[in-house]
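**Student:** Next input, structure requested:
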Amino acid sequence: MSGSNPKKRQEAYYAHGNSMKAFMRSLFVAHARPTSGKVHIRDGIDVKRTMWVVMWCLVPAMLFGLYNQGLQAQIAIAGGAEAANGLFTALFGELNADSGVLAMLTYGACLFLPIYVTALAVNLFWEIVFARARGQELHEGFLVTSMLFALILPISTPLWMVALGVTFGVVMAKEVFGGLGCNFLNPALAGLAFLYFAYPTVFAAPEQLVAVDGYTGATDLALAAKGKLAFADYAWYQAFTDSAWWDAFLGLTPGAIGETSTLALLIGGGLLMLSSLSSWRIVAGVFVGMVATATLFNVIGSDSNPMFAMPWTWHLVTGGFAIGMLFMATDPVTSTYTRKGRWAYGILIGFMVVLVRVVNPKMAEGMMLAILFSNLWAPIFDYLVARANIKRRLSRNGI
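**Tutor:** Predicted coordinates:
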């Protein structure tokens, strides 16, 4: 470390696993070890910049989610719900007195920040533990995982549950397989699935959606599953003249923090596709698969299951479909790499999400399971495409 050769000092610095200082510097300034020499391809993109672009693309959905949480709390209080006791009692009083955008954002931020900070701290802890154990440097992937996990949680999720979900997702779905770039399941969705099935009576309860006492509402998707949203003789294009559909599209409905506004997610997801960090083929495949499957169920129909009549326009704006299609399914590590494989992967997700929503009445939300199931098929799709290409080339060359 005291030698005169800067390169040897830098190599020794990383050899001892003491990369925290370099990581913090690269997080805000530049990468600590830029490529050099004639054999390297020089490009402005790296893991740090990739993760920051994704974070910025999530900002529209996050900001609207903060506003919507304040709005839904105010609506619930006006409808007879009681202000939550404890830390935010005074804030509820301010919310009743002020209905401005800043008051809504402030309220939502006060509830969201503890969730995000908890997810971030626990995620960083496990990243440090495994980086030390493997003698590797830290990567910025935990920033996006923490943000996505926090955005798909109900606003009233207990912090101990947030920590437990992050721990399961990061350790069991990512780190045990080698860390960043080696996992085959999306860590954020794996943590969400763990909480959903381990604590269904707490995590999936409707009162978790709005941070007030006595809230008895539900999401549009849950209402549709119970037959409280009528879709009989409802053509898909009628949604565009339906005020309830526009509320769902804009995000003015109860739901998880960052998945209610389809418009905000489309803005961020569109920017992510323009940056070439997510595959438009996967997004198009998910959309095509969803539209085709929903239309098929509409044609089949059912007298006992109201979800058969739900048009694709409503599948698009309810639940976690939009955030799953634009930010979860397009995860470059857990999705497919080949062009044809991306189409098949996306179509499978679109098919599975509608299948789960319609056929399984006890689980209205199907995007989580659809993506996790398709993650398992992603390497198989790539293998089949590669084998087909090899076979075609051999046949073309007469081998």
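
**Student:** And what about Ser395, helix, strand or coil?
**Tutor:** Secondary structure, DSSP: H, G, I helix; E, B strand; the rest coil: Ser395 is helix.

**Student:** burial of it, as a residue count?
**Tutor:** Neighbour count for Ser395, taken as other Cβ atoms under 10 Å: 9. C-beta: built from backbone N, CA, C; applies to glycine.

**Student:** doesn't Ala309 make contact with Trp236?
**Tutor:** No. Assessed by Cβ atoms under 8 Å, Trp236 is found out of contact with Ala309, at 10.8 Å.

**Student:** what do those two both touch?
**Tutor:** Residues touching both Trp236 and Ala309 by Cβ atoms under 8 Å, 6 or more residues apart in numbering: Asn298.

**Student:** Looking at these two, which has the bigger crowd around it?
**Tutor:** Ala309 (22 against 18).

**Student:** how close does the closest residue to that one other than its chain neighbours get to Pro379?
**Tutor:** Using Cβ to Cβ, 6 or more residues apart in numbering and skipping residues adjacent in sequence, the residue nearest Ala309 is Phe231, 3.9 Å away. To Pro379, Phe231 is 37 Å away according to Cβ to Cβ, to the nearest Å.

**Student:** got the buried residues for the host helix or strand of Val54?
**Tutor:** Using DSSP states H and E, Val54 maps to helix 47-78. Using 16 or more other Cβ atoms under 10 Å as the test for burial, helix 47-78 gives 48-51, 53-55, 57-58, 60-77.

**Student:** And the average pLDDT for that helix is what?
**Tutor:** The average pLDDT within helix 47-78 is 88.

**Student:** Can you name every helix or strand that it contacts?
**Tutor:** Secondary-structure packing of helix 47-78 (3 or more Cβ pairs under 8 Å, 6 or more residues apart in numbering; DSSP states H and E): helix 89-97, helix 101-134, helix 141-151, helix 262-274.

**Student:** Between helix 101-134 and it, find me the angle.
**Tutor:** Relative orientation of helix 47-78 versus helix 101-134 (axes from the mean of the first three to the mean of the last three Cα atoms, to 10 degrees): 140 degrees.

**Student:** starting at the chain centroid, how far to helix 47-78?
**Tutor:** On the basis of Cα atoms, centre = their mean, to the nearest Å, helix 47-78 sits 12 Å off its chain's mean C-alpha point.

**Student:** Now tabulate the helices and strands packed on helix 47-78 in TSV and tack on mean neighbour count, distance to Val166 and mean pLDDT.
**Tutor:** Shown next, in TSV, are these (neighbours: other Cβ atoms under 10 Å; distance: least, Cβ to Cβ, whole Å; pLDDT from 0 to 100):
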stretch	mean neighbour count	distance to Val166	mean pLDDT
helix 89-97	14	26	54
helix 101-134	18	5	89
helix 141-151	24	6	92
helix 262-274	20	22	96
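
**Student:** Can you tell me the closest non-neighbouring residue to Lys48?
**Tutor:** Distances taken as Cβ to Cβ, 6+ apart place Glu140 nearest to Lys48, at 4.9 Å, with adjacent residues excluded.

**Student:** Just the buried positions in stretch 192-203, please.
**Tutor:** So, applying 16+ other Cβ under 10 Å, buried residues of stretch 192-203: 192-196, 199, 203.

**Student:** I'd say Gly301 and Thr295 touch.
**Tutor:** No. Contact criterion Cβ under 8 Å: Gly301 and Thr295 do not qualify, at 11.7 Å.

**Student:** re earlier: next, the residue nearest to Ala309: phi, psi?
**Tutor:** phi -120, psi 10 (degrees, to the nearest 10).

**Student:** For Gly268, see how far away the residue nearest to Lys48 is.
**Tutor:** Separation of Glu140 from Gly268 (Cβ to Cβ): 18 Å.

**Student:** Next: Arg342.
**Tutor:** 20 Å.

**Student:** and if you look at Val129?
**Tutor:** Distance of Val129 to Gly268, given as Cβ to Cβ: 31 Å.

**Student:** Same question for Met363.
**Tutor:** Distance from Met363 to Gly268, by Cβ to Cβ: 27 Å.

**Student:** Setting the sequence-adjacent residues aside, check what's closest to Val164.
**Tutor:** Let me fix one detail, which is that residue 164 is Leu and not Val. Distance criterion Cβ to Cβ, 6+ apart; nearest residue to Leu164, sequence neighbours excluded, is Leu195 at 7.1 Å.

**Student:** Quickly find the element holding that neighbour.
**Tutor:** Following DSSP H and E, one finds Leu195 within helix 187-198.

**Student:** Next secondary structure after that helix?
**Tutor:** Per DSSP H and E, helix 187-198 leads on to helix 200-203 as the next helix or strand towards the C-terminus.

**Student:** contacting residues around the residue nearest to Leu164?
**Tutor:** Taking Cβ under 8 Å, 6+ apart as the contact definition, Leu195 lies against 157, 161, 164-165, 203.

**Student:** which one of these has the most neighbours?
**Tutor:** Using other Cβ under 10 Å as the neighbour criterion, Gly165 leads those with 27 neighbours.

**Student:** which SS class is Ala230?
**Tutor:** At Ala230 the chain is in coil, as set by three-state DSSP.

**Student:** Flag the shaky bits of the stretch 201-350 of the chain, pLDDT-wise.
**Tutor:** Along the stretch 201-350 of the chain, the model assigns pLDDT under 70 to residues 213-214, 216-217.

**Student:** can you map out the strands along the stretch 201-350 of the chain?
**Tutor:** Applying DSSP state E, counting those that start in this stretch to the stretch 201-350 of the chain gives no strands.

**Student:** Show me the helices in it, by range?
**Tutor:** Counting by DSSP state H, counting those that start in this stretch, one finds helices in the stretch 201-350 of the chain at the ranges 220-225, 243-250, 262-274, 280-300, 312-317, 321-323, 339-359.

**Student:** sorry, back to before: compare neighbour counts for Gly301 and Thr295 and give me the winner.
**Tutor:** For Gly301 versus Thr295, the count of surrounding residues by other Cβ under 10 Å is larger for Thr295: 14 against 10.
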